[in-house]
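1. please work out how this folds:
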Amino acid sequence: KGPVIWRAEKPGTVRLLGGCVIPREAFKPVAGEAKGRLDPAVADKVLEADVRPLLMREPKPWADAPRDALLPGPWLYVGGKSQQLARWPNADAPDKGWFGYTNVLENCGYEADKRAKKPAVLEFPGDRAERWRFDEGVWFMGYFVVDWDCDLQRIASYDKATHGARLAGISHYGVGKGGWPFYKRRFYAVNLLEELDAPGEWYLDRDAKRLYWLPGADDAVSDELVLAQETTPFFRVRGATDVVFDGLSFEYSHGECALQLEGTTNCTVRGCAFLCHAGGAVRAVGAGNRITGARMRNLGGTAVTVEGGDSRTLLPANNLLDHSTIERYALFQRTMAAGIVVKGCGNAVRNCLVRDGTYIALTYRGNEHLIADNEFDDVVHGTGDSGCIYSGHNASWLGTVIFGNYIHDLAFTPGEKRSINGVYFDDCDWGDD
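-> Numbering: from 1, shown residues only. Okay, the predicted model is just below:
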């Protein structure tokens, strides 16, 4: 009897990788028909590689509206940083890399009672889209109506005569023309070989299994190139007691979560690193579990979910997340993916640092949680009508205590200052301190 401990024999030496390292020598200067589709200004700088020997499985086709705005893998990382799927406008373009539109040609509407029941058609003026091959798959990542919901939709067709881009599906909240209420409606287009023109951008021909990449000026020859592919958790622990993960580094995956604790009791994740995952780092559901001293960086969605306890009986779970850092989260799922999600009754988040995220840093649901002595820095920078710490929509969620938290560098423009809050008690929320 006693705990089951997963620990490196020598601290800092164990890396669990959910992808394949791409040898530098696999890349050659781009040639052939693909080179002719590139901007001549960068065509001689773009590299290509045959990745068939590196694929763990056949790449899945992309959905019209991918779940959680996550395009299926594989995904390219260089030097521990997610590379940008070729897009337009570029991320460093004016208006923070967004294209603002003002007209909807068909099926404009907002909310369930007003929303059109057919896919909308956005007016996309100019001739930029005439270069793109929509039959190969082009997606718009956009805030189509509200600033708390960023949706990803495939473009089914484009009409050169009307400049109409027809979505393949119906967006979450519909598609509108105006701002809500401080920003214009906006999107950027992704998965475009023709737009591979900025350092760090890449594109995968999923049929030919050829990867195209434009290295950045600061990319060192020693930087590791990884094609993240694994979609299942590294560990899924169910119904166990006293399991410890100590000092391990979980790196590179393209699924929902790297480590899942389901219905566990008194399990501990101590001093572990979670780096470069398209989904989250840890999901802990149960009682008495602890995540401590963790380092989480470059995550596509919610970093940590802590859940347990019974709100009806106010039975606490006493799960704890403490002394951990979360940096750069919600990279793929720009909204609806808080850095930390707390659910149930009687859980705690203490002495953590959360920084650099497009969405809420911490959201809680349920009763009698403790959120104390944390630091939140440069978060909610891609969302409106939101907050750093957030709860709402249920009048029975009472008794959470929030104190000693340092919240800074949230809002800079007049619009941001009017639509981003430090602590946001939303619709029907009350009874917290």
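2. state the phi and psi torsions of Val269.
-> Val269 adopts backbone torsions of phi -110, psi 110, taken as degrees, to the nearest 10.
3. what's around it, how many residues?
-> Using other CB atoms under 10 Å, Val269 is surrounded by 28 other residues. In this view, the C-beta of every residue, glycine as well, is placed from N, C-alpha and C.
4. contacting residues around Asp432?
-> Contact analysis of Asp432 by CB atoms under 8 Å, 6 or more residues apart in numbering lists 391, 397-402, 425.
5. looking at this, Tyr364 is in a helix?
-> No: per DSSP: H, G, I helix; E, B strand; the rest coil, Tyr364 lies outside any helix segment and is strand.
6. tell me the secondary structure of the spatially closest residue to it that is not a sequence neighbour, please.
-> Spatially, and ignoring its direct neighbours in sequence, Tyr364 is nearest to Val342 (4.2 Å; CB to CB, 6 or more residues apart in numbering). The assignment at Val342 comes out as strand when based on three-state DSSP.
7. flag the shaky bits of the chain, pLDDT-wise.
-> Applying pLDDT under 70 to the chain flags residues 1, 111-116, 179-182.
8. before we move on, back to that, of the contacts of Asp432, which is the most crowded?
-> Ser391 (26 neighbours).
9. dump the residue contacts of it.
-> Neighbours of Ser391 in contact, by CB under 8 Å, 6+ apart: 363-365, 397, 400, 424-426, 429, 432.
10. can you check Leu314 too?
-> Neighbours of Leu314 in contact, by CB under 8 Å, 6+ apart: 345-346, 367-368, 399.
11. tally up the residues packed near the closest residue to Leu70 other than its chain neighbours, please.
-> Counting by CB to CB, 6+ apart, the nearest residue to Leu70 once its immediate chain neighbours are dropped is Phe332, at 4.9 Å. Using other CB under 10 Å, Phe332 is surrounded by 23 other residues.
12. residue contacts, Phe332?
-> Here Phe332 is in contact with 68-71, 278, 300-301 (CB under 8 Å, 6+ apart).
13. and for His172?
-> 149, 151.
14. apply 10 Å and report the result again.
-> 65, 115, 144-146, 149-151, 153, 335-336 (CB atoms under 10 Å, 6 or more residues apart in numbering).
15. one more: Arg7?
-> Per CB under 10 Å, 6+ apart, neighbours of Arg7: 14, 244-248, 270-271.
16. beta partners for it?
-> Asp246 (DSSP bridges).
17. likewise for Ile155?
-> Leu167.
18. that one reaches Glu136, doesn't it?
-> No: counting by CB atoms under 10 Å, Ile155 stays clear of Glu136, with 11.0 Å between them.
19. between the two, who's got more neighbours?
-> Ile155 (23 against 13).
20. and the gap between Gly431 and Ser391?
-> 10 Å (CB to CB, to the nearest Å).
21. okay, and the common contacts of these two?
-> Shared contacts of Gly431 and Ser391, counting by CB under 10 Å, 6+ apart, come down to 397, 400, 425.
22. name the nearest of those relative to Thr102.
-> Phe425 (33.5 Å; CB to CB).
23. list the contacts for the closest one?
-> Per CB under 10 Å, 6+ apart, neighbours of Phe425: 387, 389-392, 397, 402, 431-432.
24. can you redo those as CSV with distance to Lys81 and secondary structure?
-> Shown next, in CSV, are the contacts of Phe425 (distance: CB to CB, whole Å; DSSP: H, G, I helix; E, B strand; the rest coil):
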residue, distance to Lys81, secondary structure
Gly387, 28, strand
Ile389, 28, strand
Tyr390, 28, strand
Ser391, 32, strand
Gly392, 34, coil
Trp397, 37, coil
Ile402, 33, strand
Gly431, 42, coil
Asp432, 37, coil
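25. could you find the closest non-adjacent residue to Glu256?
-> Per CB to CB, 6+ apart, closest to Glu256 is Gly279, 4.2 Å.
26. now for that neighbour, how many residues are close by?
-> So Gly279, with other CB under 10 Å, has 23 neighbours.
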